[in-house]
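[1] let me see the structure of the following:
(chains A and B)
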Amino acid sequence: DAGVTQSPTHLIKTRGQHVTLRCSPISGHKSVSWYQQVLGQGPQFIFQYYEKEERGRGNFPDRFSARQFPNYSSELNVNALLLGDSALYLCASRLRGAAGNTIYFGEGSWLTVV
Amino acid sequence: DQQVKQNSPSLSVQEGRISILNCDYTNSMFDYFLWYKKYPAEGPTFLISISSIKDKNEDGRFTVFLNKSAKHLSLHIVPSQPGDSAVYFCAAKSGNTPLVFGKGTRLSVIA
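    Predicted coordinates:
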């Protein structure tokens, strides 16, 4: 069975540009979350989606947005990129409810802003 | 204000010995705790978890202990193997809330 898949795996963008990162959850998982990890830190929560609705948002500026599609895949969009947005962006999926306490991560998308 | 703390940035252990990674938390509402292992250039891999209603969970060489009164959990790896060398993250959540991570501990297992 496929795990959480993310694309692209690596990308380089220029300051001010826009980026879209994509994620497909594990089959059967309806909840998708996005996390940002910078070097030396643990992953920081950005967004959580369940059944195509935003269920939580972390402390990130409005330049960050996301959405979930009917097939439960998700996109993370970041506008007006800053150098500080350079990080590993992780997508995670889980079942909802008591059976869904374990959260599985994808390999991540490495974003470098120059 | 860090709700999940891993106070040891790094740990070195000889192959075959026990590795003990520690994690402290401040939020008493956390009811589920997870450990993830991360290699460079990869996403975190789920390792083991524990519910707040338990004080121990074991899976092969990995055991997680939870001390709720002290708001402390630890991951024991016995015996440690060179392939265990990675960064280990402790994470916690409450219900369906997002995971809150510590900063990680880099484990080096020396052959």
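[2] what's the nearest residue to the residue of chain B found nearest chain A if we skip its chain neighbours?
    Relative to chain A, the nearest point of chain B is B:Phe101 (3.1 Å; C-beta to the nearest C-beta). For every residue, glycine as well, the C-beta is placed using N, CA and C. Of all residues not flanking B:Phe101 in the chain, A:Gly42 sits nearest, at 3.1 Å (C-beta to C-beta, 6 or more residues apart in numbering or on different chains).
[3] who in chain A is up against chain B?
    A:4, A:6, A:31, A:33, A:35, A:40-45, A:48, A:50, A:55-56, A:58, A:88, A:90, A:92, A:96, A:101-108, A:110 (C-beta under 8 Å from any C-beta of the partner chain).
[4] repeat the analysis, applying 7 Å as the threshold.
    Residues of chain A lying near chain B by C-beta under 7 Å from any C-beta of the partner chain: A:33, A:40-43, A:45, A:48, A:56, A:90, A:96, A:101-108.
[5] can you say which of the residues you listed are buried?
    For those, a neighbour count by 16 or more other C-beta atoms under 10 Å in any protein chain shown gives the buried set as A:33, A:42-43, A:45, A:48, A:90, A:101, A:103-108.
[6] report pLDDT for the nearest residue to A:Lys52 once chain neighbours are set aside.
    Leaving aside its chain neighbours, A:Lys52 sits nearest to A:Gln68 (4.7 Å; criterion: C-beta to C-beta, 6+ apart). If you check A:Gln68, the pLDDT there is 96.
[7] can you report how many residues neighbour A:Gln68?
    23 (other C-beta atoms under 10 Å in any protein chain shown).
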